[in-house]
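In: what shape does this take:
(2 chains)
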Amino acid sequence: MATVYIPTALRLFTDGTSEVVLVGENIGEIVTELVTKYGDLKTHLFSNEGKLRSFVNIYLNEEDVRHLDGLNTKVSEGDKVLLVPSIAGGI
Amino acid sequence: MIDIKKNHIDQIKEHAQKDYPHECCGIILGKFNGSEKTVTQVLEISNEKEEENRHNRYLIPSSKILEIELYAIKNGLDIVGFYHSHPDHPATPSAFDMEHALPVYSYFIVSVYDAKVVNFTLSVLSHDRSKFEEELIKG
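Out: Purely as a prediction, here's the structure:
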C-alpha cells in the first residue's frame, strides 16, 4: 500500500484528486492499480505498446525507482510514490 | 487561455537568443484558475541534452522537474508550462514535441534565426494526444 501523488497536469484524469492510496506490493502493481482506477491516465503514462512512456519517471520517497529495482521495487505502507515527467522536445 | 505578461515573454526571448544556436529551455510557474493560467515566474533551466544534440533537442530531467515542483509547492505555485527554442526552424511544435508532451501544460516555443527571435507559439496538447491546440494569450 502506498500513496501516489498526481502531478497537476494529470489531475484532469483523476477527477481532480492530487493523491490516492492504492494497494500493491511493488511499484508495478501500484501503477497498474492507478490506471485501472483512472482509465484515462493510461494513454499518458503508457505507450500504445503498453510500455511506460520514456518521459514518465516514478519516484519512491523522492528516489527514482530506476535506481532501485524498477517496477519490482517493493513498497510499504506510508511510502510516497510520485509521478514526475522529464520534459523533452525539439525540432 | 494564459495570462502571461510582456516581461516574461521578453525573458524567454532573451534566453532563446542567448543560447542560439542551441535550444534553450525553461519552466513556467504560476497558478491554475479553472482552465486559465496566470504566469508569475519564468525559470531558465540548463538544457541537459548532450552538447552535440543541443541544436535540435532539449531535455529537462525529472530530477530538475521534481526540484522545481517542490519549490513551486513551497511557494504556493504550480508548474503551468515549459518553453524551448527552435533554432533556425519555425516555432511550430514538432512531432517529437508532441510525443513527449503532457496535456494541460502550456508549451511555449520560440523560433530563432541568426540569433534573433522571429516569433513564438503557445500550445496545449489535446486530451487524446492527437494534436497541439493553440493557446490564446489573455489581454
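In: switch to C-alpha atoms for all contacts and neighbour counts from now on
Out: Will do.
In: can you map out the strands along chain B?
Out: Secondary structure of chain B (DSSP state E): strands located at B:2-3, B:25-33, B:36-45, B:57-60, B:78-87, B:106-113, B:116-125, B:132-134.
In: make JSON lines out of the ones you listed and add distance to A:Leu22 and mean neighbour count.
Out: Shown next, in JSON lines, are those (distance: least, C-alpha to C-alpha, whole Å; neighbours: other C-alpha atoms under 10 Å in any protein chain shown):
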{"stretch": "strand B:2-3", "distance to A:Leu22": "34", "mean neighbour count": "18"}
{"stretch": "strand B:25-33", "distance to A:Leu22": "27", "mean neighbour count": "21"}
{"stretch": "strand B:36-45", "distance to A:Leu22": "30", "mean neighbour count": "18"}
{"stretch": "strand B:57-60", "distance to A:Leu22": "29", "mean neighbour count": "24"}
{"stretch": "strand B:78-87", "distance to A:Leu22": "25", "mean neighbour count": "27"}
{"stretch": "strand B:106-113", "distance to A:Leu22": "30", "mean neighbour count": "25"}
{"stretch": "strand B:116-125", "distance to A:Leu22": "28", "mean neighbour count": "19"}
{"stretch": "strand B:132-134", "distance to A:Leu22": "32", "mean neighbour count": "16"}
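In: near chain B, which residues of chain A show up?
Out: By the rule C-alpha under 8 Å from any C-alpha of the partner chain, the part of chain A lying against chain B is A:8-10, A:43-44, A:55, A:57, A:84-91.
In: drop anything exposed from the residues you listed.
Out: The neighbour count (16 or more other C-alpha atoms under 10 Å in any protein chain shown) marks A:8-10, A:43-44, A:55, A:57, A:84-91 as buried among the residues of chain A next to chain B.
In: out of those residues, who's nearest B:Leu59?
Out: Closest to B:Leu59 out of those is A:Ala88 (4.4 Å), distances taken as C-alpha to C-alpha.
In: wouldn't the closest one be in contact with B:Glu99 here?
Out: No. Under the criterion of C-alpha atoms under 8 Å, A:Ala88 makes no contact with B:Glu99, lying 9.2 Å away.
In: coming back round to it: turn the strands of chain B into JSON lines, columns for distance to chain A and mean pLDDT.
Out: Shown next, in JSON lines, are these (distance: least, C-alpha to the nearest C-alpha, whole Å; pLDDT from 0 to 100):
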{"stretch": "strand B:2-3", "distance to chain A": "15", "mean pLDDT": "98"}
{"stretch": "strand B:25-33", "distance to chain A": "9", "mean pLDDT": "95"}
{"stretch": "strand B:36-45", "distance to chain A": "11", "mean pLDDT": "97"}
{"stretch": "strand B:57-60", "distance to chain A": "4", "mean pLDDT": "97"}
{"stretch": "strand B:78-87", "distance to chain A": "6", "mean pLDDT": "97"}
{"stretch": "strand B:106-113", "distance to chain A": "9", "mean pLDDT": "98"}
{"stretch": "strand B:116-125", "distance to chain A": "11", "mean pLDDT": "98"}
{"stretch": "strand B:132-134", "distance to chain A": "13", "mean pLDDT": "97"}
